[in-house]
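I would like the atomic coordinates for the input below:
(one chain, ligands or ions: 3)
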Amino acid sequence: MPPASHDRDFDLVVRGGLLATAAETFEADLAIRDGRIAAIGRALRPGAEEIDAKGLVVTPGGLDPHCHIEEPSEAGGVQEESFASGSAAALAGGTTSFICFVPQWKGHPIARTAPGYEARARASRADYGFHQIITDPTPEVLEREVPALVARGIRSLKVFLTYDPLRLTDGQYLEVLATARRLGALVTVHCENFDAIGWRIRALLAAGLTDPLQHAWARPPVVEREATHRAIALAELVDQPIQIFHVSCDEAAEEIARARARGVKVWGETCPQYLTLSTEDLARPDFEGAKAVCSPALRAPAERERIWARIADGTLDIVSSDHCGFSFATAKRDPGSSGYGQGGAEARPDGMPAFNAIPNGVPGIETRLPLLFSEGVSKGRIDLPTFVRLTSANAARLFGLAGRKGTLAPGADADLVLWDPSAERRIRNAALHHAIDYTPWEGLAVTGWPATVIRRGEVAVRDGAVLAEPGSGRFLARGPYPLVRPTGRVPDGFDAAAVPPRS
Ligand code: URP
Ligand code: ZN
Ligand code: ZN
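Ligands and ions are numbered 1, 2, ... in the order given. Presented below is the predicted three-dimensional model:
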């Protein structure tokens, strides 16, 4: 353990907590100076401010690498969550940094898709970075815009293999993979088979089956497994590292495990909804099932323990929120008004939208960590180091923020969550800080809650009150890092991605 620094006083000392890192837990004091961790040890000198953390668990601040904040749609909608409200919710739930998405719409260069989006993010109270969504990989986008974005620290791309306005063909996906290879960026993939889903939707509608539960019937595990297999196989062909987003079922996780066993650089993410909710939530009466519509869809109840097992065996190494800002009263019940409907829907006699028109996604940026702490740590499914790896350390490693975020070590940003591990709460939407009118976990009892949240050395949340001001978050530019290096294995030794595209 490094010795305490004695050159000048600390700004803040967190004293006597049980510190949890990705590797171990130990009791210690933690001292902060100039927004960074300055020392960890016993009996550290006093700080200008002191926090007594005896009986509390101290983890790195959460890093949520997958959330949709204030994201505009081509139809003119905006997800109902501003950077100010979304980041307040993030901090209140122990997440001190997040990575959200800059959209691209087909037919538009990136620069003209959502002008001003990056500027709006400056209202964030938490630190933030961006993934760039690619829906239209023209030569202009791949050869000019993406290199410029990567140079500015936007070092990850998201692609969709489904959704009508967003999906890429296999050929386009290969071009994105090859571009990322050349630039040293990570590619994240939404894996579902577009044509299979469309075929199932048409049949369900023709049979008059339009309830929210049929959202899951339209996209069963096999459509996710097939696309996961394809996404990995094509990434293997290019020798480009990828992450599979929001894995909902064991069949898809199995594809990741098999690829990793043969040395492919592929990682898997899941979300609290796949660990705690199920098709029973989609089947709730009075259209309440719409509150649980997300893609990939929720699975049968038994699937949840299989996803926990895939966390235990290391196949899935990140739990993100996939937070989406769609309220029940507005976007979920009246997609036309939100500009975020899926289109092509049948009208239902009760006036509610058919399952295929309900905007996909659930809100969860504030509840991600408390749910995982309670369902994971408090219930004994995972230990504290695993909790740290799933909620911050692995995301920092995967997205180029290692050493800065997701760790308790001298020199790292002083982002901390002080947990009261015995606090008993019921999740109530009225007490959450997001701008959405519901939570899918309403009434759920949880054990463990963030008592204090510190972001870059400042107390950002105390006793549930968010103190961090809008605009106090910082943009996280991400530079080159070793994890995205290719393996060097390509078929026949011919590296097609290394051949520059012909103009
Ligand atoms: O249903 C979901 N997950 N909506 C958000 C968009 C995405 O696919 O990540
Ligand atoms: Zn997705
Ligand atoms: Zn998402």
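
please identify the buried residues of the helix or strand that contains I37?
Applying DSSP states H and E as the criterion places I37 in strand 36-41. Across strand 36-41, burial judged by 16 or more other Cβ atoms under 10 Å covers R36, I37, A38, A39, I40. All C-beta atoms are positioned from the backbone trio N, CA, C, and that covers glycine.

how about the residues of the stretch 201-350 of the chain near ligand 2?
Neighbours of ligand 2 within the stretch 201-350 of the chain, by Cβ under 5 Å from the ion: F245.

E226 in helix, strand or coil?
Following DSSP: H, G, I helix; E, B strand; the rest coil, E226 is assigned to helix.

which helix or strand in this structure has the lowest average pLDDT?
helix 335-338 (a mean of 79; mean pLDDT, DSSP states H and E).

quick check, that one touching ligand 1?
No. Applying Cβ under 6 Å from any ligand atom, one finds helix 335-338 out of contact with ligand 1, separated by at least 13.2 Å.

returning to what we had before: point out the other helices and strands that the strand holding I37 packs with.
With contacts taken as 3 or more Cβ pairs under 8 Å, 6 or more residues apart in numbering; DSSP states H and E, strand 36-41 sits against strand 10-20, strand 25-33.

if I look at the residue nearest to the spatial centre of the chain, how far off is ligand 1?
For the chain, the residue nearest the mean C-alpha position is H66 (2.2 Å; Cα atoms, centre = their mean). As defined by Cβ to the nearest ligand atom, to the nearest Å, H66 lies at a distance of 7 Å from ligand 1.

tell me the pLDDT of the closest residue to that residue other than its chain neighbours.
Leaving aside its chain neighbours, H66 sits nearest to S320 (3.6 Å; criterion: Cβ to Cβ, 6 or more residues apart in numbering). As summarised for this prediction, S320 has a pLDDT of 99.

ok, S320 - how many residues close by?
26 (other Cβ atoms under 10 Å).

residues contacting it?
Shown in contact with S320 (Cβ atoms under 8 Å, 6 or more residues apart in numbering): D64, P65, H66, C67, F245, H246, E269, C271, R368, A395.

would CSV of the residues you listed with secondary structure be doable?
Putting the contacts of S320 into CSV (three-state DSSP) gives the following:
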residue, secondary structure
D64, strand
P65, coil
H66, coil
C67, strand
F245, coil
H246, coil
E269, strand
C271, coil
R368, helix
A395, helix
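
now for those: which two are most distant?
Using Cβ to Cβ, the two most remote members of the contacts of S320 are F245 and R368, lying 14.7 Å apart.

which of those two has more neighbours?
R368 (29 against 24).

got a list of what the one residue in the stretch 1-150 of the chain that gets nearest to ligand 2 touches?
At 8.0 Å from ligand 2, H66 is the closest residue in the stretch 1-150 of the chain, using Cβ to the ion. Contacts for H66 (Cβ under 8 Å, 6+ apart) come out as I99, T188, F245, H246, E269, C271, S320, S321, D322.

mind redoing it with 10 Å?
Taking Cβ atoms under 10 Å, 6 or more residues apart in numbering, we find H66 in contact with 98-101, 131, 158, 188, 243, 245-246, 269, 271, 318-323, 365, 368, 395, 399.

what's the answer for C191, then?
Per Cβ under 10 Å, 6+ apart, neighbours of C191: 159-162, 223-232, 242, 244-248, 252, 255-256, 296.

narrow the residues you listed to those in strands?
Members of those lying in strands (criterion: DSSP state E): V159, F160, I242, I244.

so which pair among the residues you listed is furthest apart in space?
Greatest spacing in the ones in strands among the contacts of C191, by Cβ to Cβ: F160 and I242 (13.2 Å).

any residues in contact with both of the two?
With Cβ under 10 Å, 6+ apart as the test, F160 and I242 both reach Y173, V189, C191.

what is the burial count for the residue nearest to the last one when sequence neighbours are not counted?
When the adjacent residues along the chain are set aside, C191 lies closest to A227, with 3.8 Å between them (Cβ to Cβ, 6+ apart). Neighbour count of A227, defined by other Cβ under 10 Å: 26.
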